[in-house]
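1. Below is the sequence, then the predicted model.
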Amino acid sequence: MERIVFLDRDGTLNEEVHYLHRREDLKLIPGVPQALRLLKQAGYRLVVVTNQAGVARGYYKESDVEALHRYMNRVLEREGAAVDAYYYCPHHPEHGLGKYKTQCRCRKPGTGMFEMAEKDFEVDKAHSFMVGDKLLDVEAGRNYGIASILVGTGYGREQHQKDMDRGVNPVYDHYGETLMDAARWIVEKGQV
């Protein structure tokens with residue numbers, strides 16, 4: 001069995017860019033390579049699961065997503081922080097065009113991308129995690145049956161503040177301001 005950290009992409013690993021698909025627009029969030037390296041050194045596999053509605057809307061092609069992921073991994077490899085696999089959902093139930101306009105299982109908070117990963121990895125759910133900056137990310141992790149962490153990058157800080165202001169029980173297991181905070185919590189949990 002493999003311990004896996006599933007990661008959202010936009011707002012979690014890289015700065016939020018409106019429908020990111022060009023390599024020149026990719027900017028990693030500060031500290032991300034170091035956090036990913038810490039997780040790898042602790043024995044976790046790194047798997048990105050990302051909704052890519054820009055494909056569904058016709059803004060860019062699946063080949064653009066795949067090319068960006070290859071480029072992103074080359075950047076991360078130089079830091080000893082390469083991602084083991086990338087999975088993406090190109091669909092949207094309302095705004096998709098043609099074959100991409102569909103209600104699918106892969107779009108988060110669905111679990112289809114996690115199930116795709118099961119074809120490549122023996123996922124140890126008891127010791128795996130989902131990290132993202134949106135509720136749909138952490139809900140996807142919960143739906144899949146793994147612990148979820150909301151990070152304050154991207155949209156996460158605003159969501160966490162809303163949860164605290166309303167006094168609601170969050171749907172995530174932990175909140176970290178940064179991916180490094182989340183990584184340290186994961187590594188600590190893994191040692192218990």
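-> Sure, I can see it.
2. Report the buried residues of stretch 166-184.
-> Of all the residues in stretch 166-184, those buried under the rule 16 or more other CB atoms under 10 Å are 170, 172-176, 178-184. Placement of C-beta: from N, CA and C, glycine included.
3. For it, which outside residues touch it?
-> 5, 12-13, 29, 31-32, 34-36, 38-39, 131, 135, 138-139, 141-142, 147-153, 156-157, 160, 163, 185 (CB atoms under 8 Å, 6 or more residues apart in numbering).
4. avg pLDDT for it?
-> Stretch 166-184 comes out with an average pLDDT of 93.
5. Buried ones in stretch 151-167, by neighbour count?
-> Buried, per 16+ other CB under 10 Å, within stretch 151-167: 151-156, 159-160, 163.
6. Inside helices: which ones of the buried residues of stretch 166-184?
-> 179-184 (DSSP state H).
7. Closest to Gly80 out of those?
-> Ala183 (13.7 Å; CB to CB).
8. What's the local residue count around the nearest residue to that closest one once chain neighbours are set aside?
-> Distances taken as CB to CB, 6 or more residues apart in numbering place Ala35 nearest to Ala183, at 4.1 Å, with adjacent residues excluded. Ala35 has 25 neighbours, counted by other CB atoms under 10 Å.
9. how close does Ala35 get to Ala56?
-> Note on Ala35: its distance to Ala56, by CB to CB, to the nearest Å, is 30 Å.
10. ok, now Phe121?
-> Distance of Phe121 to Ala56, given as CB to CB: 26 Å.
11. Give me the more crowded residue out of those two.
-> Ala56 (24 against 18).
12. what residues are up against that one?
-> 90-92, 95-97, 100-101.
13. farthest pair in those residues?
-> Top of the distance list for the contacts of Ala56 (CB to CB): Pro90 and His95, 12.1 Å.
14. Mutual contacts of these two, please.
-> 53, 56.
15. Mind checking which of these two has more residues around it?
-> Between Pro90 and His95, counting by other CB under 10 Å, Pro90 is the more crowded of the two (22 against 12).
16. Spatially nearest residue to the more buried one (excluding sequence neighbours)?
-> Using CB to CB, 6+ apart, the nearest residue to Pro90 is Val55, at 3.7 Å.
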